[in-house]
Structures are given as C-alpha cells and as structure tokens.
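Visitor: Kindly return the folded structure for what I paste below:
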Amino acid sequence: MSAKKSKKYKKKNELSLLEDTLVEDAEKKLKIARKNEIKKRAELERLQAEREKAMKYEKNNRDLLLGNTDDMIGNSLNEEFLVRSANVASADGRLDASGMESALNSLSLTSNDVKDIHPEKRMKALHKAFEERMMPKVKEEYPGLRLSQYKEKIFELWKKSPENPMNWPKDS
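Guide: Just a heads-up that it's a prediction; the model follows:
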C-alpha cells in the first residue's frame with residue numbers, strides 16, 4: 001500500500017505543481033497587462049498635456065484682432081462645430097437667399113417660379129384627398145352601392161379630373 005500512496009502523492013504533487021505554474025503564468029500576464037495599461041494612460045496624459053501646451057502657445061501668439069474675433073464668436077475652427085451648425089441651419093427653417101431677387105422670391109407667399117417636378121410621386125395622396133372629398137357626392141348621386149363600387153366611380157372621375165397630375169400639361 002505504500003507504493004499506491006506514493007503514486008497518489010506524486011500525482012497530487014505534479015498536479016499542484018502544474019496548477020502553481022498556471023496560476024503564476026496567469027498572474028504574470030495580469031501584471032504585464034496592468035503595466036501596459038499604465039503605460040498607455042501615461043502616454044495619453046502626456047499627449048493631452050502637449051496638446052494643451054500647444055493650444056496655450058497658439059492662443060498667446062496669435063493676432064490680437066483674430067483672437068478677439070474668436071473670443072466673440074467662439075472658436076469656429078472646430079470642424080465638429082461647423083458640421084453641427086450647418087445641420088442646425090438647414091433644419092431650423094431659415095431661408096437662404098443670396099441676392100435681392102432670390103431674397104424677395106423666398107419671402108413671397110405664392111411663388112409662381114417653383115414648379116412641382118414630380119407630381120406623380122404625390123399622386124396617391126392627391127387621389128386619397130380627392131376620394132374623401134368626392135365620396136359624399138357620389139353616395140348622394142348613387143345610393144345603395146357597395147364601397148368598392150363607389151371607389152370605382154370616384155376613380156373614373158379621378159381619371160378625368162384636373163386635380164390628377166397625369167392630366168396636367170407637360171412643360172418640356
């Protein structure tokens with residue numbers, strides 16, 4: 001039995017040695033990862049300090065008039081700021097007009113110059129509005145029909161209607 005016990009102890013010792021080496025390797029890898037992370041942080045802090053130093057130097061050495069202008073309107077050299085302001089300007093509904101005539105045209109309530117280039121794209125909505133407007137009239141003229149029959153009658157009227165974009169004169 002002593003031979004069996006010695007084999008068990010050897011196995012246990014080998015397993016514990018293997019486990020110890022694996023744990024040590026894992027700990028070493030963890031230490032290396034922490035050191036690398038500390039190095040990265042230090043490098044980022046150093047770069048940030050250099051950027052701040054360069055910005056202070058630039059701010060101190062620029063033209064006084066330019067510096068005053070930047071302070072009044074904000075530092076518009078920032079590209080992100082320009083993109084955001086461009087998006088806001090186009091989204092807030094302001095009218096952009098260069099020149100006197102375009103400014104007057106943009107202020108006019110009814111613009112005869114603006115043409116609907118693709119009215120067929122809005123044809124479904126126009127037809128739906130026409131149908132809602134004509135349904136009571138058609139029901140009055142033809143009582144007792146089914147809904148699909150009313151819609152067929154309205155569609156026949158729509159084909160001939162001046163509201164239908166397909167009946168509009170083509171300006172080529």
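
Visitor: how near is Pro169 to Pro162?
Guide: Going from Pro169 to Pro162 by C-beta to C-beta, to the nearest Å gives 10 Å. Where C-beta positions appear, they are placed from N, C-alpha and C, glycine not excepted.

Visitor: Sorry, wrong one. I was asking about Lys139.
Guide: Using C-beta to C-beta, Lys139 is found at 22 Å from Pro162.

Visitor: Kindly report the same for Arg133.
Guide: 14 Å.

Visitor: do the same with Tyr142
Guide: Taking C-beta to C-beta, one finds Tyr142 at 22 Å from Pro162.

Visitor: quick one: which of those two has more around it?
Guide: The neighbour count for Tyr142 versus Pro162, taken as other C-beta atoms under 10 Å, is higher for Tyr142 (11 against 6).

Visitor: you'd agree Glu163 is up against Leu126?
Guide: Yes: in this structure, Glu163 is within contact of Leu126 by C-beta atoms under 8 Å, at 6.3 Å.

Visitor: how about low-confidence regions in this structure?
Guide: 1-5, 7-12, 62-98, 105-116, 171-172 (pLDDT under 70).

Visitor: try 90 this time
Guide: Scanning the chain for pLDDT under 90 picks out 1-31, 53-126, 162-172.

Visitor: ok, which stretches of it are helices?
Guide: 2-60, 64-73, 79-91, 100-107, 123-141, 147-160 (DSSP state H).

Visitor: I'd like these laid out as CSV, including distance to Ile117.
Guide: Formatted as CSV, those follow (distance: least, C-beta to C-beta, whole Å):
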stretch, distance to Ile117
helix 2-60, 49
helix 64-73, 38
helix 79-91, 20
helix 100-107, 17
helix 123-141, 14
helix 147-160, 22
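
Visitor: can you redo the ones you listed as CSV with mean neighbour count?
Guide: As requested, these are exported to CSV (neighbours: other C-beta atoms under 10 Å):
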stretch, mean neighbour count
helix 2-60, 10
helix 64-73, 10
helix 79-91, 10
helix 100-107, 11
helix 123-141, 13
helix 147-160, 14
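
Visitor: List of residues touching stretch 136-146?
Guide: Under the contact criterion C-beta atoms under 8 Å, 6 or more residues apart in numbering, stretch 136-146 has outside partners Gln149, Tyr150, Lys153, Ile154, Leu157.

Visitor: what's stretch 164-172 in contact with?
Guide: Stretch 164-172 has contacts (C-beta under 8 Å, 6+ apart) with 115-116, 119-120, 122-123, 126-127, 130, 158, 160-162.

Visitor: Next, give me the two most distant ones among the residues you listed.
Guide: Farthest-apart pair in the contacts of stretch 164-172 is Lys115 and Lys160; separation 23.2 Å (C-beta to C-beta).

Visitor: Sweet, I'm off.
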